[in-house]
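Colleague: the following comprises the amino acid sequence and a computationally predicted model.
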Amino acid sequence: MIKCPNCQHQELPGALFCSECGARLVAADTLTSPLEKESTPYIDSGELVNGEPFLSPAGTPVKIRETIITLKLMDANRVIHLSGRSEYSLGRVAKGQPILPDFDLTEFDAYQKGVSRLHAAIKVGVQRIVIMDLRSANGTRVNGQKILPNVDYPLKHGDIIALGKLKFQFLLNLD
C-alpha cells in the first residue's frame, strides 16, 4: 500500500493520485515526461497472459516482444510514444492545476484546439487497447464518431483520435 503524503489515506500500489484528496503520489516529472522504451517479457503464440491469450488487432494470438503505441500528430510531423505502462492520461497543463496528465499536449496548441486539462485516457489491456473520454469539455472522437464520457472505446491500428480539434493517428507496433 502507498500512503498519501497529504491526508495519509492508503492507496493500492501503482496509484498516481490519492482517491481521497487528489494529491499526487509520484513526482511530476515522471508524469509529464516522455516514457522510455521498456521491454516486456516475450510471449509465445497462444501463451496465456493473466489467464488469456494475447491477441493481435485482428483477433489472432501473436508472438510479441513489446507493444509500442504511437500517437502521430496529424498537423505536424511529431509523434508521442507510449510504452511500459498500462494507462496514460492525455491533456494540457494549466497554472495551479493539482492533477497533471501523463502527457502534456500544451505545446501542440492544445488550449486553442479545445483540449481539456484531463481530456482522455488510453488503457492497455491484455487483449485490447481502449480510449476513454474523461468528461472533456469538447469531447473525444474516434474516426469522426464522438465517444461517450467514461466509457471504454476499443482502438485499432490506424484509427484517428480527435481531442477537441487536435488530431492523432493511433499506431500499434507489435514487435
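Modeller: Alright, I've got the coordinates.
Colleague: distance from the longest strand along the chain to the middle of the chain?
Modeller: With secondary structure taken from DSSP state E, the chain has its longest strand at strand 166-174. With Cα atoms, centre = their mean, to the nearest Å as the basis, strand 166-174 stands 11 Å off its chain's centre.
Colleague: domains of this structure: list them as residue ranges, please.
Modeller: The chain breaks down by automatic domain parsing into domains covering 1-26, 66-174.
Colleague: pick out the shakiest of the ones you listed, pLDDT-wise.
Modeller: Among the domains of the chain, domain 1-26 carries the lowest mean pLDDT, at a mean of 77.
Colleague: which of the residues in that domain are buried?
Modeller: Buried positions in domain 1-26, judged by neighbour count with 16 or more other Cβ atoms under 10 Å: C4, H9, E11, L16, F17, C18, R24, L25. In this view, the C-beta of every residue, glycine as well, is placed from N, C-alpha and C.
Colleague: which residues sit in contact with the third one?
Modeller: Applying Cβ atoms under 8 Å, 6 or more residues apart in numbering, we find E11 in contact with M1, I2, K3, C4, C18, S19, L25.
Colleague: circling back: most tightly packed of the domains of the chain?
Modeller: domain 66-174 (a mean of 17; mean count of other Cβ atoms under 10 Å).
Colleague: look up how far R85 lies from N138.
Modeller: Per Cβ to Cβ, to the nearest Å, N138 is found 26 Å from R85.
Colleague: name the element the residue lying closest to A162 once chain neighbours are set aside belongs to?
Modeller: Excluding the flanking residues, the one nearest A162 by Cβ to Cβ, 6 or more residues apart in numbering is R141, at 4.2 Å. Assigned by DSSP states H and E, R141 belongs to strand 140-142.
Colleague: next one: H81
Modeller: strand 79-82.
Colleague: tell me the helix or strand right after that strand.
Modeller: Moving toward the C-terminus from strand 79-82, the next helix or strand (DSSP H and E) is strand 87-91.
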